[in-house]
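> Give me the fold of what follows.
(2 chains)
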2 protein chains.
Amino acid sequence: MLAIAMQSFDCHPLTIDYGQRHVTELHAAQRVCSQLGVRAPRQVKIDLRAIGGSALTADIDVPKSGPGAGIPVTYVPARNTLFLSYALALAETLGAEDMFIGVNAVDYSGYPDCRPEFIQAFESLANLATKLGVEGMRFRVHAPLLALTKADIIRRGIVLGVDYGLTHSCYDPVKERACGRCDSCVIRRRGFENAGIPDPTRYVQQA
Amino acid sequence: MLAIAMQSFDCHPLTIDYGQRHVTELHAAQRVCSQLGVRAPRQVKIDLRAIGGSALTADIDVPKSGPGAGIPVTYVPARNTLFLSYALALAETLGAEDMFIGVNAVDYSGYPDCRPEFIQAFESLANLATKLGVEGMRFRVHAPLLALTKADIIRRGIVLGVDYGLTHSCYDPVKERACGRCDSCVIRRRGFENAGIPDPTRYVQQA
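Coordinates of the predicted model:
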């Protein structure tokens, strides 16, 4: 997503430490920003653990039996609403109209806050909620990965020079290595297979 | 607002430490919860100082020349959007449909995120953003003070047993005492005058 945004905008990356099990994704974001030659990400810490309610932040096991039907236990209550709220606060402070979020609805539609109608509702809210919105600025929330398959995303990233050996998707990593079995790993691996591109992900050694 | 909510709901108070100058309002919230006999507030800490952009959190002076036209420098970018996002995360985790926020649009309409259209937009977002919304629960955002004058709010609170000696409004307090000169103090003081109720606020000694 960052590589796409950088084609058209001067980017101010924002990463969010929300007590996620996979805090390694924050280190990966720093490496990716460095590789792509953009300024280092601002990191905001939010204490969702105080609120709980998700396998990504609370003491619930991350499932390893493959993607199922319905909304998964890895859903984090109001997570993307919170993320976009911080992005909006930063955008307004910087005087920036355009926000980007890397949500994806196609391969995995179980998360309500990854749907186009959610993105549109947040955009409407942003323009009502802010001083700049009242003054006539029009905030836009871009979700350029929203309608792409994982294979499309991977191909697009390769074209834009993304080193997927630096990126991280796993929900339950061990020492920065991907578990290979959580939903996120399974979907990512399939993406590389479908794209016909070798998977550079560092997985834990399987028994 | 809490006293009104307690008339109809079992309340789970949430306070937010956002690096505000007037952190004393968090202590006041604890005292008010204790006096009203509701559970102690959960406190979420958010680091808006990393984002900046407001006299309430950054190194900009709080104005003391009285309420003016336009949106004041004490506006905090996306603040109520962030507050409601945390409330939504907590509500969804608790399985609660009803959220309350104490915004008020009448006496002081300079803040875009204190308007009824903002509250309605957030309610729409909440129902799209969440697992419970998708599953058919209908989130409601109540803002019972929205259309009241400060005098009405004070009268209503007195009827409900609120001790205004425990509450705090000042943006720039000195040792937990109100400055008496910021917009918030000026508007609060006028509210007591208009309500014909003695003002129990503890002000700093004026020279």
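
> for the residue nearest in space to the middle of chain A, what are its contacts?
Nearest to the mean C-alpha position of chain A, counting by Cα atoms, centre = their mean, stands A:Gly102 at 4.7 Å. Listed by Cβ atoms under 8 Å, 6 or more residues apart in numbering or on different chains, the contact set of A:Gly102 reads A:Met1, A:Ala143, A:Leu145. In short, each C-beta sits where N, CA and C put it, glycine included.

> of these, closest to chain B?
A:Ala143 (13.7 Å; Cβ to the nearest Cβ).

> The closest one: neighbouring residues, count only.
22 (other Cβ atoms under 10 Å in any protein chain shown).

> now swap in A:Gln205 and tell me
Neighbours around A:Gln205, by other Cβ under 10 Å: 7.

> quick one: it is in a strand?
No: when classified by DSSP: H, G, I helix; E, B strand; the rest coil, A:Gln205 is found to be coil rather than part of a strand.

> While we're on it, how confident is the model there?
Per-residue pLDDT puts A:Gln205 at 75.

> Give me the next element, helix or strand, following the least confident helix or strand in chain A by mean pLDDT.
One helix or strand of chain A scores below all others by mean pLDDT, DSSP states H and E: helix A:131-134, with a mean of 85. Counting by DSSP states H and E, the next helix or strand C-terminal to helix A:131-134 is strand A:140-142.

> Can you mark which positions in that next one are buried?
A:Val141, A:His142 (16 or more other Cβ atoms under 10 Å in any protein chain shown).

> is chain B contacted by it?
No: using Cβ under 8 Å from any Cβ of the partner chain, we find that strand A:140-142 stays clear of chain B, coming within 11.5 Å at best.

> Output the contacting helices and strands for that strand.
For strand A:140-142, the elements it packs on are strand A:98-100, helix A:116-129, judged by 3 or more Cβ pairs under 8 Å, 6 or more residues apart in numbering or on different chains; DSSP states H and E.

> helix or strand right after that strand?
helix A:150-159.

> tell me what that next one is packed against?
helix A:2-8, helix A:183-195.

> Tell me the gap between it and the middle of its chain.
Centroid displacement of helix A:150-159 relative to its chain, using Cα atoms, centre = their mean, to the nearest Å, is 15 Å.

> quick check: angle from that helix to helix A:183-195?
70 degrees (axes from the mean of the first three to the mean of the last three Cα atoms, to 10 degrees).

> mind listing what's buried in helix A:150-159?
Buried-residue list, helix A:150-159, by 16+ other Cβ under 10 Å: A:Lys150, A:Ala151, A:Asp152, A:Ile153, A:Ile154, A:Arg155, A:Arg156, A:Gly157.

> In contact with the fourth one, which residues?
If I follow you right, that is A:Ile153. By Cβ under 8 Å, 6+ apart, the contact set of A:Ile153 is A:Asn104, A:Leu145, A:Gly191.

> want to try CSV for the residues you listed, with distance to chain B, pLDDT and neighbour count as columns?
Converted to CSV, the contacts of A:Ile153 look like this (distance: Cβ to the nearest Cβ, whole Å; pLDDT from 0 to 100; neighbours: other Cβ atoms under 10 Å in any protein chain shown):
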residue, distance to chain B, pLDDT, neighbour count
A:Asn104, 16, 88, 22
A:Leu145, 18, 95, 22
A:Gly191, 25, 95, 22
